[in-house]
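Dropping a prediction and its sequence here:
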Amino acid sequence: MEKLMIRGGKPLHGTVTISGAKNSAIALLPAAVLADTEVILDNLPNISDVAIYSELLEELGAKVKRRDDEIRIDPSQLVSKPMPNGKVKKLRASYYLMGALLGRFGEATIGMPGGCNFEPRPIDQHIKGFEALGAVVTNEQGALHIRAKQLRGAKIYLDVASVGATINIMLAASRADGVTVIENAAKEPEIVDVATLLTAMGAKIKGAGTETIRIEGVKEMKGCRHSIISDRIQAGTYMIMAAATRGNVLVDNVIPKHLEALTAKLEEMGVEVQEYDESIRIIGKPSYNAVDVKALVYPGFPTDLQSPMTSLLTCAQGTSLLSDYVYGTRFKHVPELTLMGANIRVEGRTAIIEGGKLSAAKVKAADLRAGAALVVAALTVQDEVTEITNVEYIDRGYDRLVENLRNLGADVWREHD
Ligand code: EPU
């Protein structure tokens, strides 16, 4: 076990280049299962979730070769194999194997997913989608068994605009007989990325990125080459870190449009934001206004950035309100920030944050983004060392975090716990 040590107080300066998106990569890797020949993905993030997913694909018989930020997946020898336990339990996104294997083999047995459990995260909409496509779904000893003699296109209205359910249904429906229409689909950029890969593999998908997605099933899908979109959440986290440390950072290899909700909030706080074609410069200021933030589905403010944003709001003058309308109890970072001297109280789905100075403490990352919040907070603490345990959560989603922060001038290192 490792812990992260951060001596804060140094304004971040320089350029950070953002890797491919975690939440795309972990859907694109299982999507490759639907092809008959090799799929090559570029701009792959170097994170532990990707490493685990590659091993899962190997367990299913895929040949996987990885070099730098490229991965080659040859699924031609893939076998239909139950995966009730083991690595599937380590990842939330192992649920994408349900849709992908169902599409390829007409059956899948996958253990209920693990991952960041900041609150109960149901998958009823995924199951509803599989059933609408003609599958029979049973839950036996913590694993879902999903079988269909023949998947058939259907009209599916999602009760909540779920990212995971939208992608899972797209995966299975790509190989169904006939046309599937998903209504109230999620619109996150990662969904467009998955649809782009599936289309390059031969699927017929229209409307990804809107609330209505139409998928015409095809009999065969082939390999292709695809570059993963950049990670808007990693990018947003570095933007927040730059503002919190009153630094001056160019966040490079990003799609600024994907970060508009954050950019608008930072500007409202008084942070200077300069947008370029593929990069964003953040210039910190001595003092910030308190603001209200509502985390919503895309294109609203992302729930995955609300935890790091909580830490930034402790640097503002006055009272900020931050509400999460996607995950109403995603506040595991708050007790840890309180240990660092933050004045935050949670009422229902809202955190009420009073601006003030933080101090160093021994804290633990309760999940991936809660961990990112602690890193932001630790970077602001003048000359004192904050110790963050459970760093493996942070490694799930932040590519080369220590290296990047050091390049920006931060005093950060890892120690064995
Ligand atoms: N929901 C249901 N039923 C379902 C599915 C979702 O009620 O069948 C609810 C959830 O409880 C939640 C809302 O719908 O209140 C949205 O959940 P969604 O399904 O969109 O989330 P997800 O697909 O499980 C992905 C990301 C999360 C990110 C959310 C929201 C992956 C593997 N995870 O989760 O990423 O927070 O979308 O954008 O793509 C992270 O990166 O730290 C992370 C947790």
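Received, thanks.

can I assume Gly129 is in contact with Ile167?
No. Using Cβ atoms under 8 Å, Gly129 is not in contact with Ile167; the gap is 10.2 Å. For glycine as for every other residue, the C-beta is placed from the backbone atoms N, C-alpha and C.

More neighbours: those two, which one.
Ile167 (32 against 28; other Cβ atoms under 10 Å).

how about that one, what does it touch?
Contact analysis of Ile167 by Cβ atoms under 8 Å, 6 or more residues apart in numbering lists 27, 96, 99, 190-191, 194.

export the strand or helix carrying it as PDB, just CAs?
For Ile167, the host element (DSSP states H and E) is helix 163-173. The C-alpha trace of helix 163-173 is given here as PDB (Å, rounded to 0.1, in the frame of the first residue of the first chain):
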ATOM      1  CA  VAL A 163     -24.300   6.800 -18.900                       C
ATOM      2  CA  GLY A 164     -23.700   3.100 -18.200                       C
ATOM      3  CA  ALA A 165     -27.200   1.900 -19.300                       C
ATOM      4  CA  THR A 166     -27.000   4.000 -22.600                       C
ATOM      5  CA  ILE A 167     -23.600   2.500 -23.500                       C
ATOM      6  CA  ASN A 168     -24.500  -1.100 -22.400                       C
ATOM      7  CA  ILE A 169     -27.700  -1.000 -24.600                       C
ATOM      8  CA  MET A 170     -25.700   0.400 -27.500                       C
ATOM      9  CA  LEU A 171     -23.200  -2.500 -27.200                       C
ATOM     10  CA  ALA A 172     -25.900  -5.200 -27.200                       C
ATOM     11  CA  ALA A 173     -28.100  -3.500 -29.800                       C
END
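
This structure against the ligand: which residues are in contact?
23, 26, 92-93, 116, 121-126, 160, 162-165, 186, 188, 303-304, 326-327, 368-369, 397 (Cβ under 6 Å from any ligand atom).

Emit the PyMOL select command for whichever of the residues you listed are buried.
Here is the PyMOL command that selects only those of the residues of the chain next to the ligand that count as buried (16 or more other Cβ atoms under 10 Å):
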select buried, resi 23+26+92+93+116+123+125+126+162+163+164+165+186+188+303+304+326+327+368+369+397
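
Now intersect the residues of the chain next to the ligand with the helices, please.
23, 26, 124-126, 163-165, 368-369 (DSSP state H).

now the residues you listed in CSV, with pLDDT and distance to Gly247?
Shown next, in CSV, are these (pLDDT from 0 to 100; distance: Cβ to Cβ, whole Å):
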residue, pLDDT, distance to Gly247
Asn23, 97, 26
Ile26, 97, 30
Asp124, 95, 43
Gln125, 97, 41
His126, 97, 41
Val163, 98, 31
Gly164, 97, 35
Ala165, 98, 39
Leu368, 96, 23
Arg369, 97, 21
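
Could you pull up the mean pLDDT of the one helix or strand Lys3 maps to?
Assigned by DSSP H and E, Lys3 belongs to strand 2-7. Strand 2-7 carries an average pLDDT of 97.

ok, the next helix or strand after that strand: who's next to it in the sheet?
Going down the chain from strand 2-7, the next helix or strand is strand 13-17, by DSSP H and E. Strand 13-17 sits in its sheet next to strand 248-252 (parallel), going by DSSP bridges.

Count the neighbours of Lys285 for me.
Lys285, neighbours per other Cβ under 10 Å, totals 12.

same question, Glu119
Neighbour tally, Glu119, other Cβ under 10 Å: 13.

Tell me which residues touch it, please.
327-330.

Could you say which helix or strand holds it?
With DSSP H and E as criterion, Glu119 is part of no helix or strand.

ok, it to Ala365 distance?
16 Å (Cβ to Cβ, to the nearest Å).

Look up the pLDDT of Ala161 for me, please.
Model confidence at Ala161 (pLDDT) stands at 97.

List the contacts of it.
184-187, 211, 297.

do Gly236 as well
Contacts of Gly236 by Cβ under 8 Å, 6+ apart are 259, 262, 302, 304-305, 308.

SS state for it?
helix (DSSP: H, G, I helix; E, B strand; the rest coil).

And the pLDDT for Gly115?
pLDDT, read off for Gly115, is 68.

pLDDT below threshold where in the stretch 51-200 of the chain?
115-116 (pLDDT under 70).

In it, what residue spans correspond to helices?
96-105, 124-132, 163-173, 189-200 (DSSP state H, counting those that start in this stretch).

ditto for the stretch 201-350 of the chain
Under DSSP H, counting those that start in this stretch, the stretch 201-350 of the chain gives helices at 232-244, 260-269, 306-313, 333-339.

Not counting its own residues, what contacts the last one?
If I follow you right, that is helix 333-339. 307, 310-311, 314, 342, 344, 346, 351, 358, 361-366, 369-370, 373-374, 377.

Break the protein into its domains for me.
Domain ranges of the chain: 2-18+230-416, 22-227, per automatic domain parsing.

What separation do you get for the residue lying closest to Gly9 once chain neighbours are set aside and the ligand?
Once flanking residues are discounted, Gly9 sits nearest to Gln382: 3.7 Å by Cβ to Cβ, 6 or more residues apart in numbering. Computed as Cβ to the nearest ligand atom, to the nearest Å, the Gln382 to the ligand distance reads 29 Å.

how would you label Gln382: helix, strand or coil?
Applying three-state DSSP: Gln382 is coil.

Tally up the residues packed near Ser76, please.
12.

That one against Val33, yeah?
No. The criterion here is Cβ under 8 Å, and Ser76 misses it with Val33 at 10.9 Å.

The closest residue to Glu107 other than its chain neighbours - how many residues pack around it?
The shortest distance from Glu107 to any residue other than its chain neighbours is 4.6 Å, reached at Arg147 (Cβ to Cβ, 6+ apart). By other Cβ under 10 Å, the residues close to Arg147 number 16.

and the residue nearest to Leu197 when sequence neighbours are not counted, what are its bridge partners?
In space, Leu197 comes closest to His226 once its chain neighbours are excluded; the distance is 4.7 Å by Cβ to Cβ, 6+ apart. Counting by DSSP bridges, His226 forms beta bridges with Leu41.

Which residues are in contact with His226?
28, 39-42, 196-197, 200.
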